[in-house]
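Participant: Let's see this in three dimensions:
(one chain, ligands or ions: 2)
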Amino acid sequence: MINIVKQFKVKNIVKIKPLHGGLINDTYLVWTKGADVPQFVLQRINNYVFKDVARLQNNFSKVTRHLRKKLVAQGETDIDRKVLTLVPTLDGKTYYTDGKTYWRMMVYIPHAEQPEMSLDLYHKGGAAIGRFERMLADFPTKLKPTIPHFHDIKFRIKEMDKALTDAILSNRDLTGMGDLFEDLLMCYDYFKPFFERFKEMPLRVCHFDTKLSNMLFDNEGEVLCLIDLDTVMSGYITSDYGDFLRTAANTTHENDRAYSHVGFDIDVFKAFTEGYLQEMKDTLTPAEKELLPYSVLLFPLMQSVRFLTDFMNGNVYYHVDYQKQNLIRAKNQYALLESVASNWEEICNFIYREVAI
Ligand code: GN1
Ligand code: MG
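Facilitator: Ligands and ions are numbered 1, 2, ... in the order given. Purely as a prediction, here's the structure:
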């Protein structure tokens, strides 16, 4: 590890400790001599998930520089805690590779624990995402995808179909799937005309992995910044809005096998939506306003499809603790989708009232 750290422009490293959590990358905290808090964050970038690390780091660095410029122009204080900063390698690159593994280093942002869950917290989460997108609304170029077809439901459905064929040909144990595969296809077919209209929306720089655990907070419980910028790329705002609700408005977590605990929390939805629209309402186009509710359906559907695909593929993408975990997750997300459907009218009415259509 110390040899990796030495490739970056840092001095006097005394300690490196792994930080657990996150399904994709490996993260370490790095201490320098005499410091009582970590000074840097070192990450090994998952090259199975992110095939083009150069492109990813290019997006990361351009976006954080744009955000920093905006913060300076707005006369913000504490800018170093409001945007991530990459530490360059000795030869001035944004990442280091030994040809097999890929690493980046960032300045550690001192922060407080995530505040206790409350509607106010979801409101703040919504506002933070809205602010992030608003500050990037005038980003001058299109950012290439770090994961091609990441939130492309048509592609995800095709992958699910392929996974079933492969699983059958390879004799994999698929017991317990019930009708999930068919139910997902039926649901997709029903909403397809709306999902196909997503291309009426403009491409904007979005985060693509919005959740409270990807936000840092200060001692007053205010959001400092969004972290985990691997997936930052051009796309539709429905990704940031819908994927946040998928985790935040689920009355339980995605690993819960007691599906009766799963539900769509309409109060969380309202608080988050108000926060988000407070920042983005004036920026959104008519198509974005009209299609926003469909993203609330799209993300539980897409995640259920992705978990089921990975289950059928033999759990190659998501870390699992037991063989059927991805199936459990897929069913959990399907239950969430059903709950979204039963709240559908209220979801649409609320959004359309807020954006005044
Ligand atoms: C992955 O590792 P994490 O939790 O940030 C995934 C998301 C999924 C999520 C489901 C790059 O995110 O798209 O929604 O798991 N990220 C990637 O738990 O595939
Ligand atoms: Mg992530």
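Participant: Check the secondary structure at the closest residue to ligand 1 within the stretch 151-300 of the chain for me.
Facilitator: Going by Cβ to the nearest ligand atom, ligand 1 is nearest to Asp209 of the stretch 151-300 of the chain, at 5.0 Å. To be clear about C-beta, it is placed using only N, CA and C from the backbone, and glycine gets the same treatment. Judged by DSSP: H, G, I helix; E, B strand; the rest coil, the three-state class of Asp209 is coil.
Participant: What sits closest to it if chain neighbours are left out?
Facilitator: Closest residue to Asp209 apart from its sequence neighbours, by Cβ to Cβ, 6 or more residues apart in numbering: Thr231 at 4.9 Å.
Participant: Quick check: the gap between the one you found and Arg257.
Facilitator: As for Thr231, its distance to Arg257 is 27 Å (criterion: Cβ to Cβ, to the nearest Å).
Participant: Looking at those two, which has the bigger crowd around it?
Facilitator: Between Thr231 and Arg257, counted using other Cβ atoms under 10 Å, Thr231 has the larger neighbour count: 24 against 13.
Participant: OK, contacts around that one?
Facilitator: Thr231 makes contacts with 146-147, 150, 207-209, as judged by Cβ atoms under 8 Å, 6 or more residues apart in numbering.
Participant: tell me which parts of the stretch 151-300 of the chain are close to ligand 1?
Facilitator: With Cβ under 6 Å from any ligand atom as the criterion, the stretch 151-300 of the chain meets ligand 1 at residues 209, 231, 254.
Participant: Nearest to Cys225 among those residues?
Facilitator: Asp209 (13.9 Å; Cβ to Cβ).
Participant: Any idea which residue of the chain lies closest to ligand 2?
Facilitator: Scanning the chain for the residue nearest ligand 2 gives Asp209, at 4.0 Å (criterion: Cβ to the ion).
Participant: My guess is that residue contacts Gly235. True?
Facilitator: No: Asp209 lies out of contact with Gly235 (Cβ atoms under 8 Å); the separation is 11.6 Å.
Participant: Ramachandran coordinates for Met233?
Facilitator: Dihedral pair for Met233: phi -170, psi 180, per degrees, to the nearest 10.
Participant: what about Ala335, which helix or strand?
Facilitator: Per DSSP states H and E, Ala335 falls inside helix 325-342.
Participant: Check the offset of the very next helix or strand once past that helix from the chain's centre.
Facilitator: Once the chain leaves helix 325-342, the next helix or strand it forms, by DSSP H and E, is helix 344-354. Relative to the mean C-alpha coordinate of its chain, helix 344-354 is positioned 24 Å out (Cα atoms, centre = their mean, to the nearest Å).
Participant: Now tell me what touches helix 344-354 from outside.
Facilitator: For helix 344-354, using Cβ under 8 Å, 6+ apart, the contacting residues are 266, 269-270, 273-274, 277, 281, 289, 292-293, 296-297, 340.
Participant: of all those, which comes closest to Arg55?
Facilitator: Arg55 has its nearest neighbour among the contacts of helix 344-354 in Leu292, at 28.6 Å by Cβ to Cβ.
Participant: rewinding a little: could I get the contacting residues of the residue of the chain closest to ligand 2?
Facilitator: Neighbours of Asp209 in contact, by Cβ under 8 Å, 6+ apart: 228, 230-231, 243.
Participant: same thing but 10 Å
Facilitator: Taking Cβ atoms under 10 Å, 6 or more residues apart in numbering, we find Asp209 in contact with 24, 150, 226-232, 239-240, 243-244.
Participant: Helices of the stretch 51-200 of the chain, residue ranges please.
Facilitator: All helices of the stretch 51-200 of the chain, identified by DSSP state H, counting those that start in this stretch, fall at 53-73, 79-82, 119-135, 153-169, 180-196.
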